[in-house]
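*Asks:* have a look at this fold, sequence not included:
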């Protein structure tokens, strides 16, 4: 989590071979649960009627729209240290044009004052969900109280941002019950 990284991620979600991005998308989808309801969501700003509820509904038809100068951010705060395996964002350059995020960073920490950058990503021509996998220094998952997505720039130098959805996932632990296997 120390060095700042910048990379381009294609529409297929490829090029995720970063230290915090080890598990494949197929593996993660089978063993994760969405935990967005377990945290407090805040946005740096919003146009009236286009607030945080529109990101949480995960619909491609609704969106959060920021209001004001960049950077814009969405912050998710958990009341306890939480294990996070992936984070996905939904944006569409075809419908949102200059409102579409281009350069984002993802940070985490114990509170808003000690956030550390996990990655900085150029989204390119994003048209659907983009997923970012997280692993910690020891190869385990990311454990944090706060995660923040910051939009540093938009396509065509747009000022305000549209994000159509954010999903945050935690790994599901599968336990074997040996005594039941024998029945």
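*Replies:* Arrived safely. Just so it is clear, the model here is predicted, and its values are computed rather than measured. Numbering: from 1, shown residues only.
*Asks:* contacts for the helix or strand harbouring residue 76?
*Replies:* Secondary-structure assignment from DSSP states H and E places residue 76 in strand 72-84. By Cβ atoms under 8 Å, 6 or more residues apart in numbering, the list of residues contacting strand 72-84 from outside reads 35-36, 38-45, 52, 55, 64, 66, 108, 110, 112, 134, 141-151, 160-161, 163, 166, 168-171. For every residue, glycine as well, the C-beta is placed using N, CA and C.
*Asks:* run through the bridge partners of the most centrally placed residue in the chain.
*Replies:* For the chain, the residue nearest the mean C-alpha position is residue 87 (3.5 Å; Cα atoms, centre = their mean). Legend: beta-bridge partners of residue 87 under DSSP bridges are residue 132, residue 168.
*Asks:* try residue 73
*Replies:* For residue 73, the residues forming beta bridges with it (DSSP bridges) are residue 150.
*Asks:* how much space separates it from residue 82?
*Replies:* 19 Å (Cβ to Cβ, to the nearest Å).
*Asks:* buried ones in stretch 40-56, by neighbour count?
*Replies:* Neighbour-count burial for stretch 40-56, counted by 16 or more other Cβ atoms under 10 Å, picks out 41, 43-44, 46, 50-52, 54-56.
*Asks:* what does stretch 66-83 give?
*Replies:* 66-67, 70, 72-78, 82-83.
*Asks:* same thing with stretch 91-98?
*Replies:* The neighbour-count criterion (16+ other Cβ under 10 Å) identifies 91-93, 96 as the buried residues of stretch 91-98.
*Asks:* picking that back up, could the buried residues of stretch 66-83 go into TSV alongside distance to residue 127 and pLDDT?
*Replies:* Conversion of the buried residues of stretch 66-83 to TSV gives the following (distance: Cβ to Cβ, whole Å; pLDDT from 0 to 100):
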residue	distance to residue 127	pLDDT
66	20	96
67	24	95
70	22	93
72	20	97
73	23	97
74	20	98
75	25	98
76	24	98
77	30	98
78	30	98
82	30	96
83	30	95
